[in-house]
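Enquirer: When you get a sec, could you give me coordinates for this:
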Amino acid sequence: MISRTYTFEIPTRGKGTYEITERVQQAVTESGVGDGTATVFIAHTSASLVIYENADPTAREDLHRYFEELVMEDDDYIHDAEGPDDSTSHIRCALTRSSEVIPIHAGRLCLGTWQGIFVFEHRRSAHRRTLYLNVMGV
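Expert: Next comes the predicted model:
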């Protein structure tokens, strides 16, 4: 049994999705795991992870627009210590996920043809997001 944990930072430029699929696959390859799982965790409450369409960027544009309409910044939120996007970023994070588990087979992430792993940044300003990746298997 092999278990490896990696830590890496992803810089964001504000709201949007940032693909990390290749970075995760690179760690899987480096780990030597042929069959097992990759667990990715983002250590933040104002950004999240999603597995989403990675072939056509307009699919992500629709996702971004949907979340802007679902959790609007101009609502009457109480928590605004870090600005008007403070509560909305936390709510959007709660509606998505802070971790993803992806099977590994033959040394490759078992993602569908058009699936990618993304950091979903919910804040307007740029951030450096810390992610932890555990690769486990044989």
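Enquirer: if I look at the residue lying closest to Thr7 once chain neighbours are set aside, how far off is Ala81?
Expert: Leaving aside its chain neighbours, Thr7 sits nearest to Tyr132 (5.6 Å; criterion: C-beta to C-beta, 6 or more residues apart in numbering). Where you see a C-beta, it was placed from the backbone N, CA and C, and this is true even at glycine. Applying C-beta to C-beta, to the nearest Å, the value for Tyr132 to Ala81 is 26 Å.
Enquirer: Same drill for the two, tell me which one is more crowded.
Expert: Tyr132 (14 against 7; other C-beta atoms under 10 Å).
Enquirer: Residues in a beta bridge with that one, which ones?
Expert: With DSSP bridges as the criterion, Tyr132 is bridged to Thr7, Phe41.
Enquirer: How about the contacts made by it?
Expert: Tyr132 is in contact with Thr5, Tyr6, Thr7, Val40, Phe41, Ala43, counting by C-beta atoms under 8 Å, 6 or more residues apart in numbering.
Enquirer: separation between it and Ile102?
Expert: 14 Å.
Enquirer: before we move on, what about Asp35?
Expert: 12 Å.
Enquirer: Please say which of the two ends up with more neighbours.
Expert: A count of neighbours by other C-beta under 10 Å puts Ile102 above the other of Asp35 and Ile102, at 19 against 12.
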